[in-house]
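Asks: Provided below are the primary sequence and the corresponding predicted coordinates.
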Amino acid sequence: MGQTLLDKVWDAHSVRELPNGQTQLFIGLHLVHEVTSPQAFQMLAERGLAVRYPDRTFATVDHIIPTDGSTRPYVDGMAEQMFVAIEQNVEQTGIPFFDRSTGRQGIVHVIGPELGLTQPGMTIACGDSHTSTHGAFGAIAFGIGTSQVRDVLATQTISVAKPQCRRITVNGKLADGVFAKDVILAIIGRLGVQGGVGYAYEYAGDVFDAMSMDERMTVCNMSIEGGARVGYVNPDETAYAYLEGREYAPRGDEFDSARQWWSDVASDADAAFDDEVHIEGESIAPMVTWGVNPGQVVGVDDLIPSPDDVEGLDRRSIQDALDHMKLAPGAPIAGTPIDVAFVGSCTNSRISDLREAARVAEGGRVPAHVKALVVPGSQQVKTEAEAEGLDDIFRAAGFEWRDAGCSMCLAMNPDKLVNDQVCASSSNRNFKGRQGSPLGRTLLMSPAMVAAAAVAGEVTDVRAMAAG
Amino acid sequence: MSDHGRITHVAGTGVPVRGNDIDTDRIIPARYLREITFETLGPHAFEDDRKQLNGKHPFDDARFTGASVLVVNRNFGSGSSREHAPQALMRGGIKAIVGESFAEIFFGNCTTIGIPCLTLPATQIESLQSLIEEAPETALEIEVRSGTITAGQAAYQAELPASVREAFVSGEWDALSSLLESDDAIGAVHDRLPYITGWPAR
């Protein structure tokens, strides 16, 4: 019986079985940002511990950083304090730091791959649940809490139970206007927001094979929204081509040697999985969430569900979601008016996301009552987009063009919803209060669908716009 | 070796917070993550939900003041990996959580800071929540080793994964001391990974 990529990477990084039965797992790459790390450095100092391998941790700033051109010192004293903290911490420990002055700052899950730090067969950890993003390269990547950030800094290891492995196969082809975001929303809609607890998701089949690395990152990014802490795609030529020439990727003969190791780490053809799920690519429509978690999602041409469709606490969940969203059961989701449109986040702020959004926005005009913003995932993405003229397209269509950061995905910065605004968002979470207003209402969708909604002023089927 | 001591029993009164999929953004809104310590988080647990309910949230209900055991429904703690969520609950006095199920990162974060999260079937959660709502003064006692929860005259048999149970009763729920013990073995794994030590010539 063959092994899965999960099995192989786990074995290669296993230090020992701990007395409690969990694995002490070596973390090959550790990424830190300003929000979940200061307490970890403090705990380390309190115990008199040093950073075990400072060259295996890389830092940037993304969550709190303003994207509106503000400069240091920030008006928000608490934000400024957190920037001072991370600067002191990296200075004292010798951890490489990508701040704005480097031209390589950005959302941690955008810059890791972009710099070639993220590679197949690695174990990766970061104090952020969307660390699953890096699985797009065939890495096993975990979101961890701050105490575990401390553990990685001190020992380069964490205590973790090996998950089971579920292979999700999507065969066939996606229709025009259907994107990676729609695929993962459809998966979460089918398996539920808790369906992946205890599992790593292996994404397999024609649809993932055909995806670019940017698209695979979108899928793996939202594994955690389906409850799976880890999600991955087996590495292939698409991954190797992406990596070649990147700053931290191996070069020349070393690249050839690495490529052999990377391909060996992929799941064997006869690998056994704990569970299997099959979905037809043709069955997936552009998806839009109607509720307060990413599993509360329908196709853009579907109707909003009714609490009467189910029983018990599920009924209460639907009613509670509809009350918050102020949406009517049985109504079409298409045509829902929006107030804000946000293209950005670690899910969908890469160059291909911006290209798709720009293609839809081009020639359109965002109505005056809609606030629309595009926030590139990194300084490098921003530069690349500007070289292609995407910023001009967005500005001409009435979008704001911002600096790199997490921005309105979680509103720890000045970008926030106000009151009960409805936001068409390319981010990953439609939780109550997520975008900065307790009453705010988030509709998750692909960047192209966000651009379509921005121009139309309401949720609209991007397939119809493409055809028109 | 024990970091903070064994956790074998949790005793106190309970507080039920009903609802499925209560995510960590709701447990502690992101604006409270703009802090370099966890110390001030306690009063802000469930802050936005509490404002919406205008004093009717269980955390604002005087009958549940001083509760140590939080009783929740399905997939509690979903979403963000923010340890601030269990830290806020802990600093608000919560010492254990009983629920139908928990999100994985939240569950691990709770374990690491010493909050046992035990699971019961949905119907028993419902029964325990109703019991606490009807008689908030009911003394709850959780025996971590066996998973037995007593609530006045009622008793429930809860579950906790063996490795987590072992971590609490042995006092090694904060894994750092154990992790530090294997420094040589850590070095050996580091040295055998080609992406760290260099790719061999072909």
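Replies: Right, received. Where do you want to start?
Asks: what sits against the residue nearest the centre of chain B?
Replies: Centrality entry for chain B: nearest residue to the mean C-alpha point is residue B:110, 3.6 Å, by C-alpha atoms, centre = their mean. Contact partners of residue B:110, counting by C-beta atoms under 8 Å, 6 or more residues apart in numbering or on different chains, are B:77, B:86, B:97, B:102, B:116, B:117. (C-beta placed from N, C-alpha, C; glycine too.)
Asks: is the nearest residue to the fifth one once chain neighbours are set aside in a bridge, and if so with what?
Replies: I take that to be residue B:116. For residue B:116, ignoring the flanking residues on the chain, the nearest one in space by C-beta to C-beta, 6 or more residues apart in numbering or on different chains is residue B:96 at 4.9 Å. For residue B:96, the beta-bridge partners under DSSP bridges are residue B:69.
Asks: and residue B:96, what pLDDT?
Replies: pLDDT for residue B:96: 98.
Asks: name the residues of stretch A:263-275 that are buried.
Replies: For stretch A:263-275, burial by neighbour count (16 or more other C-beta atoms under 10 Å in any protein chain shown) applies to A:263, A:265, A:266, A:267, A:271, A:273.
Asks: pretty sure the last one sits against residue A:202.
Replies: When you say that, I think you mean residue A:273. Yes - applying C-beta atoms under 8 Å, one finds residue A:273 in contact with residue A:202, separated by 7.1 Å.
Asks: show me what contacts the residue lying closest to residue A:335 once chain neighbours are set aside?
Replies: Leaving aside its sequence neighbours, residue A:335 sits nearest to residue A:458 (C-beta to C-beta, 6+ apart; 5.4 Å). By C-beta under 8 Å, 6+ apart, the contact list for residue A:458 reads A:334, A:335, A:336, A:337, A:338.
Asks: hmm, back to that, now the residue nearest to the centre of chain B: how far from residue A:280?
Replies: Distance, residue B:110 to residue A:280, using C-beta to C-beta, to the nearest Å: 39 Å.
Asks: number of nearby residues for residue A:315?
Replies: By the measure other C-beta atoms under 10 Å in any protein chain shown, the count of residues near residue A:315 is 14.
Asks: please disregard the earlier target; I meant residue A:389.
Replies: Using other C-beta under 10 Å: residue A:389 sits among 11 other residues.
Asks: going by distance to chain B, which of the buried residues of stretch A:263-275 wins?
Replies: residue A:265 (10.6 Å; C-beta to the nearest C-beta).
Asks: list the contacts for that closest one?
Replies: Residue A:265 is in contact with A:5, A:8, A:9, A:12, A:120, A:121, A:138, A:235, counting by C-beta under 8 Å, 6+ apart.
Asks: which parts of chain B are strands?
Replies: Assigned by DSSP state E, chain B shows strands spanning B:9-12, B:14-16, B:69-71, B:96-99, B:117-119, B:140-143, B:148-151, B:154-157.
Asks: could you dump these into a markdown table and include distance to residue A:436?
Replies: A markdown table is the format used below for the strands of chain B (distance: least, C-beta to C-beta, whole Å):
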| stretch | distance to residue A:436 |
| --- | --- |
| strand B:9-12 | 35 |
| strand B:14-16 | 28 |
| strand B:69-71 | 26 |
| strand B:96-99 | 27 |
| strand B:117-119 | 29 |
| strand B:140-143 | 37 |
| strand B:148-151 | 38 |
| strand B:154-157 | 39 |
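Asks: CSV please, covering those strands and showing mean neighbour count.
Replies: As requested, those are exported to CSV (neighbours: other C-beta atoms under 10 Å in any protein chain shown):
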stretch, mean neighbour count
strand B:9-12, 16
strand B:14-16, 25
strand B:69-71, 26
strand B:96-99, 25
strand B:117-119, 22
strand B:140-143, 20
strand B:148-151, 19
strand B:154-157, 14
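Asks: out of those strands, nearest to residue A:125?
Replies: strand B:117-119 (21.3 Å; C-beta to C-beta).
Asks: any residues touching that closest one, and which ones?
Replies: The contact list for strand B:117-119, computed with C-beta under 8 Å, 6+ apart, reads B:96-102, B:106-107, B:110-111, B:142, B:147, B:149, B:158-160.
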